[in-house]
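got a structure for you, letters missing:
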């Protein structure tokens, strides 16, 4: 199995609280991504990283921030969680060039 | 901008049938194409990766092909089983951002 893990796997939080999701990889891949998946929608890109301290926005980045201080870790933060951010969040990794992409197991986040 | 389309969007077949899932892409300057499956409530599992220099890849009952000139990839599943029921996605991994196909939801019935 590919070395990519997400934590926590499940989380319930209250509206207005900050939440941080972690993605950890052991593949030394350059690119890391955060997606959200909601019923009736495919995977939508929130943010991605193309190196340490190098990040960029995806199509649904409002309300989210990310950080990557080490190659292996990519953090997704919801500064003030809202009910619309209830979703399943997936992390993915991809190397540069002709390598295989892998996805984490997902984090189910519920904002009440 | 690359666009990746999968046809059909949904497919139901009886167990034992051989089937083909289609993936079309608009930009043929592709590094690789990867096929994934996603079971309900689960993450994406990588099935096969085809490099641009390759024409096909095989893993067990699965065979994926890539024809860059026509902008097409196919996933062939032999002797389908109920356990093959899932959503199948093709993904262009060329750019810094992955480009996902629209997906095919497969149901294999007993």
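Structure's in. What do you need? Note that the structure is a prediction, hence the values are computed from the model and not measured.

Point out the other helices and strands that the host helix or strand of residue A:50 packs with.
If you go by DSSP states H and E, residue A:50 is part of strand A:43-51. Packing partners of strand A:43-51 (3 or more CB pairs under 8 Å, 6 or more residues apart in numbering or on different chains; DSSP states H and E): strand A:31-37, strand A:54-57, strand A:64-70, strand A:73-78. Where C-beta positions appear, they are placed from N, C-alpha and C, glycine not excepted.

what sits up against it?
The contact list for strand A:43-51 (CB atoms under 8 Å, 6 or more residues apart in numbering or on different chains) reads A:30-38, A:55-61, A:64-66, A:68, A:71, A:74, A:76, A:89-90, B:96-97, B:100.

filter these to the buried ones?
Taking 16 or more other CB atoms under 10 Å in any protein chain shown as the criterion, what is buried in the contacts of strand A:43-51 is A:30-37, A:55, A:58, A:60-61, A:64, A:66, A:68, A:74, A:76, A:89-90, B:97, B:100.

Need the per-residue pLDDT for the residue of chain A found nearest chain B.
Closest to chain B within chain A is residue A:103: 4.1 Å, counting by CB to the nearest CB. If you check residue A:103, the pLDDT there is 95.

so what's it closest to, chain neighbours aside?
Spatial nearest neighbour of residue A:103, chain neighbours left out: residue B:44 (4.1 Å); criterion: CB to CB, 6 or more residues apart in numbering or on different chains.

pretty sure the one you found is in contact with residue A:100, am I right?
No. Counting by CB atoms under 8 Å, residue B:44 stays clear of residue A:100, with 11.7 Å between them.

More neighbours: which of those two?
Taking other CB atoms under 10 Å in any protein chain shown, residue B:44 and residue A:100 do not tie; residue B:44 has more neighbours (26 against 16).

Tell me how far the more buried one lies from residue A:74.
Relative to residue A:74, residue B:44 is positioned 17 Å away (CB to CB, to the nearest Å).

With residue B:108 instead?
36 Å.

How about residue A:104?
Going from residue A:104 to residue A:74 by CB to CB gives 10 Å.

Cheers, nothing more for now.
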